[in-house]
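Q: Sequence unavailable; structure follows:
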């Protein structure tokens, strides 16, 4: 019924306000309830990263939707795909503990880039009241006053830059949507072409005579 490119762009543009507005409202509530870092710049960065991550996830969903004929299959496979990205995000597993043969998965995990950027936004350059360690995992004398030290010693995020992680998210957003568009284009339905003829009079209205196939079947 529609061209593939106009249809895909329309779906994407319609999703912009439908996804951004709830994300801003939800993010604002969580940010204040969790008492995250003060300052509008950090808040705006937090919201921007969430929105970007959300649209990358939508791009992944578009790939699944375009690939599967069954409507029921997409919501069943989507959680499995997200779990893979989540496991290699650096939140559940430290990057140093990831097996070498699976290490490549962390480089395509959009959740990893968002998580790293959010951590840097919250901790880099921040200072806190020192606390006495309460577990054996925190040796006596550990410096808890600097968020930068926490990023370096505990998360190994010392070389993470928010801007670069946003660039990676943007590249994944473009790549996912490009793949989804390509799949949709290749799987589009095919229709028989028709050619117009001389106008004919049908029940008082002017219609175009359509060339019939050799079988003389009616249209």
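A: Nice, I can see it. All figures in this text were calculated on a predicted structure; none of them were measured in a lab.
Q: At the geometric centre of the chain, which residue sits there?
A: By CA atoms, centre = their mean, the chain has its centre lying nearest to residue 56, at 1.6 Å.
Q: What helix or strand is residue 54 located in?
A: Residue 54 belongs to helix 40-67 when assigned by DSSP states H and E.
Q: Show which residues not belonging to the next helix or strand after that helix make contact with it.
A: Past helix 40-67, further along toward the C-terminus, the next helix or strand under DSSP H and E is helix 73-87. Here helix 73-87 makes contact (CB atoms under 8 Å, 6 or more residues apart in numbering) with 57, 60-61, 64-65, 68, 92-93, 105, 108-112. Just so you know, the C-beta spots here come from the backbone N, C-alpha and C atoms, and that holds for glycine as well.
Q: just the angle between the helix or strand where residue 17 lies and helix 40-67, please?
A: Following DSSP H and E, the helix or strand that holds residue 17 is helix 4-33. Using axes from the mean of the first three to the mean of the last three CA atoms, to 10 degrees, one finds that helix 4-33 and helix 40-67 are set 140 degrees apart in direction.
Q: For helix 4-33, buried residues please.
A: 8, 12, 23, 27, 31 (16 or more other CB atoms under 10 Å).
Q: Give the other helices and strands that that helix contacts.
A: If contacts are counted by 3 or more CB pairs under 8 Å, 6 or more residues apart in numbering; DSSP states H and E, helix 4-33 sits against helix 40-67, helix 162-186.
Q: so how far is the last one off the chain centroid?
A: When C-alpha coordinates are averaged (CA atoms, centre = their mean, to the nearest Å), helix 162-186 and its chain have centres 8 Å apart.
Q: What helices and strands are in contact with that helix?
A: helix 4-33, helix 40-67, helix 110-123.
Q: Format those helices as TSV; extra columns: distance to residue 190.
A: Compiled in TSV, those are given as follows (distance: least, CB to CB, whole Å):
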stretch	distance to residue 190
helix 4-33	12
helix 40-67	16
helix 110-123	34
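Q: ok, back up a step: so which of the contacts of helix 73-87 is the most crowded?
A: Using other CB atoms under 10 Å as the neighbour definition, the contacts of helix 73-87 reach their maximum at residue 110, which records 25 neighbours.
Q: Distance to residue 180 and mean pLDDT for the helices and strands packed on helix 162-186 - can I get that in CSV?
A: Formatted as CSV, the helices and strands packed on helix 162-186 follow (distance: least, CB to CB, whole Å; pLDDT from 0 to 100):
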stretch, distance to residue 180, mean pLDDT
helix 4-33, 8, 91
helix 40-67, 4, 92
helix 110-123, 14, 90
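Q: of those, which approaches residue 177 most closely?
A: Distances from residue 177 to each of the helices and strands packed on helix 162-186 were compared by CB to CB, and the smallest falls on helix 40-67, at 4.7 Å.
Q: Identify the residues contacting the residue nearest to the centre of the chain.
A: When the contact criterion is CB under 8 Å, 6+ apart, the partners of residue 56 are 110, 169, 172-173, 176.
Q: cool, residue 58 as well?
A: 15, 19.
Q: for the one 10 residues further on, same thing?
A: Residues in contact with residue 68, defined by CB under 8 Å, 6+ apart, are 74, 77.
Q: Kindly recompute the last result at 7 Å.
A: residue 74 (CB atoms under 7 Å, 6 or more residues apart in numbering).
Q: Tell me the spacing between it and residue 3.
A: Separation of residue 68 from residue 3 (CB to CB, to the nearest Å) stands at 22 Å.
Q: try residue 125
A: Counting by CB to CB, the separation of residue 125 from residue 3 is 49 Å.
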